[in-house]
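In: okay, here's the prediction I keep looking at, along with the sequence it came from:
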Amino acid sequence: MACYNICRPCGPTPLANSCNEPCVRQCEDSRVVIQPSTVLVTLPGPILSSFPQSTAVGSSSSAAVG
């Protein structure tokens, strides 16, 4: 099954690998043949969406252990 990536690449690369733009992936339709009489039914392909949040990972001070 082939899917078509409609998402634009995120840029520039932040400190953590993240992106705050929504992403949608459209997959191809499915076809089903129903017996005994031949009937072709086209089922729409799924649309997968994600809405990631912008994330920063880091620390400005060192941790004390004791």
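Out: Everything's here; your move.
In: shaky segments in the protein?
Out: Counting by pLDDT under 70, the chain has low-confidence residues at 1-22, 51-66.
In: what about Gln35, distance to Val24?
Out: Per Cβ to Cβ, to the nearest Å, Gln35 is found 35 Å from Val24. Bear in mind the C-beta positions are built from the backbone N, C-alpha and C, glycine included.
In: equivalent analysis for Ile47, please.
Out: 6 Å.
In: okay, Gln35 and Val24: which has more neighbours?
Out: More neighbours surround Val24 than the other of Gln35 and Val24, with 12 against 6 (other Cβ atoms under 10 Å).
In: thought that one was touching Pro46?
Out: No. Between Val24 and Pro46 there is no contact, the gap being 10.7 Å when judged by Cβ atoms under 8 Å.
In: would you mark the buried spots in stretch 39-53?
Out: Buried residues in stretch 39-53, defined by neighbour count with 16 or more other Cβ atoms under 10 Å: Gly45.
In: can I get that stretch as PDB, trimmed to CA atoms?
Out: C-alpha atoms of stretch 39-53 as PDB (Å, rounded to 0.1, in the frame of the first residue of the first chain):
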ATOM      1  CA  VAL A  39     -20.000  -5.200  -7.400                       C
ATOM      2  CA  LEU A  40     -17.000  -2.900  -7.000                       C
ATOM      3  CA  VAL A  41     -17.000  -0.700  -3.900                       C
ATOM      4  CA  THR A  42     -14.300   1.900  -3.400                       C
ATOM      5  CA  LEU A  43     -13.500   2.800   0.200                       C
ATOM      6  CA  PRO A  44     -11.700   6.100   0.700                       C
ATOM      7  CA  GLY A  45      -8.100   5.800   2.000                       C
ATOM      8  CA  PRO A  46      -7.400   6.800   5.600                       C
ATOM      9  CA  ILE A  47      -6.100  10.300   6.400                       C
ATOM     10  CA  LEU A  48      -3.600  10.300   9.200                       C
ATOM     11  CA  SER A  49      -3.000  13.600  11.000                       C
ATOM     12  CA  SER A  50      -0.700  14.700  13.700                       C
ATOM     13  CA  PHE A  51      -0.300  18.000  15.500                       C
ATOM     14  CA  PRO A  52       3.100  18.000  17.200                       C
ATOM     15  CA  GLN A  53       4.100  20.700  19.700                       C
END
